[in-house]
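1. following is a predicted model, sequence given first.
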Amino acid sequence: MSTPAADGFRMPGEWEPHARCWMAWPVRGETFPNGLEAARLAYAEVAKAIAQFEPVTMVCPDGEVASVSLAVGKDVAVMPISISDSWIRDNGPSFVKNPATGEVAGVDWQFNAWGRNYDAFEPDTLVARQILDRLKLRRYEAPLVMEGGSFHVDGQGTLLTTEECLLNPNRNPHLSKAEIEGHLRDQLGVTSFIWLGQGYEQDETDGHIDEIATLIRPGLVLAMTTDDTADPNYPVFQDNLERLAMARDAAGRELEVVTLRTPARREQAGVRLTLSYTNFYLANGGVVMPLFEDAADDEAIRTFKKLFPDRQIVPVPALDIVRGGGGIHCITQQQPA
């Protein structure tokens, strides 16, 4: 069976032009302790913010098309498909593109609800297939349990990820690190790997990279830090910064690293919320970034304006998304132009 890389495909960097952004409407009540209504309002605000810059399609169950259309407004398209959760970065397709022909295709990862954190996730194993079928795009079925939020690429051969997630025995216990790298080369067209260690404390995704670090452009990484040496994240973030300092990308470049400090600790039912500014969406000409009603928000906005001088920065309240276990990056998926 052929692979994307063998057929000339690669996954573009998120800063490359998009045809569309995909999102999925909140439907699982147990995911959002503040209630579905609060989550839906937050998702709608993100969709409207992104729609200023590029087309957005919100997928939802068949019977909810009318109500979702009213909630997201006329500038957001709504598509009925079967879903059981609303983290399309993880259960939707990872889009790849053939630079020579311009053809776009999709990688359909095996999805097991973040190591079987939730039951009744079967509809989400079919989300990528349903979207790619609707788009009439080529679909590659990957032999790997993965989520799109567990890696970043620079579109030039480099992949950034964490050992905590990709080497977790609740994903691919039968595969070695080298074997996992081989599958990622085949599916995403990458050649070089930067492995960080652990992710955000008590992150139910087991260390998704989009909570702790992201590639802004080739050679430039934005990473979360904390000055609080008593914070369990402190040694984790320090180790990740040391790894980034030693790393080289696929082009052999040293990485420039910009840091942002985490907001003050908040918990929900005794579990720490993953409050992260690296969990944002990079749109055509814009950046939709999270706000957490924290003193660190202002510093984050200033940093984003410096990092993206040619893009409009749109801050959006994100606490009601984070209470569900993810962030703005987790609920979005870019489709390359």
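-> Yes, it's here.
2. distance of the spatially most central residue of the chain relative to residue 181?
-> In the chain, the residue lying closest to the centroid (Cα atoms, centre = their mean) is residue 149, at 3.6 Å. As judged by Cβ to Cβ, to the nearest Å, residue 149 and residue 181 stand 18 Å apart. Using the backbone N, CA and C atoms, a C-beta is placed for each residue, glycine as well.
3. next one: residue 210
-> Per Cβ to Cβ, residue 210 is found 19 Å from residue 181.
4. those two: which has the busier surroundings?
-> residue 210 (28 against 19; other Cβ atoms under 10 Å).
5. contacts only, for the more buried one.
-> 89, 149-150, 152, 276, 278-279, 327, 329-330 (Cβ atoms under 8 Å, 6 or more residues apart in numbering).
6. quick one: residues in contact with the host helix or strand of residue 224.
-> Using DSSP states H and E, residue 224 falls within strand 220-225. Strand 220-225 is contacted from outside by 160, 200, 211-216, 233, 237, 240-241, 244, 255-262, 276-278, 303, 307, using Cβ under 8 Å, 6+ apart.
7. would you list the buried entries among those?
-> With burial judged by 16 or more other Cβ atoms under 10 Å, the buried subset of the contacts of strand 220-225 is 160, 200, 211-216, 233, 237, 240-241, 244, 255, 257, 260-262, 276-278, 303, 307.
8. among those, which lie within helices?
-> 233, 237, 240-241, 244, 303, 307 (DSSP state H).
9. okay if I get the residues you listed as TSV plus distance to residue 8?
-> Output for those, formatted as TSV (distance: Cβ to Cβ, whole Å):
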residue	distance to residue 8
233	40
237	38
240	33
241	36
244	30
303	37
307	31
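10. and the residues you listed, which is closest to residue 227?
-> Nearest to residue 227 out of these is residue 237 (Cβ to Cβ; 10.0 Å).
11. contacting residues around the closest one?
-> Neighbours of residue 237 in contact, by Cβ under 8 Å, 6+ apart: 212, 223-226.
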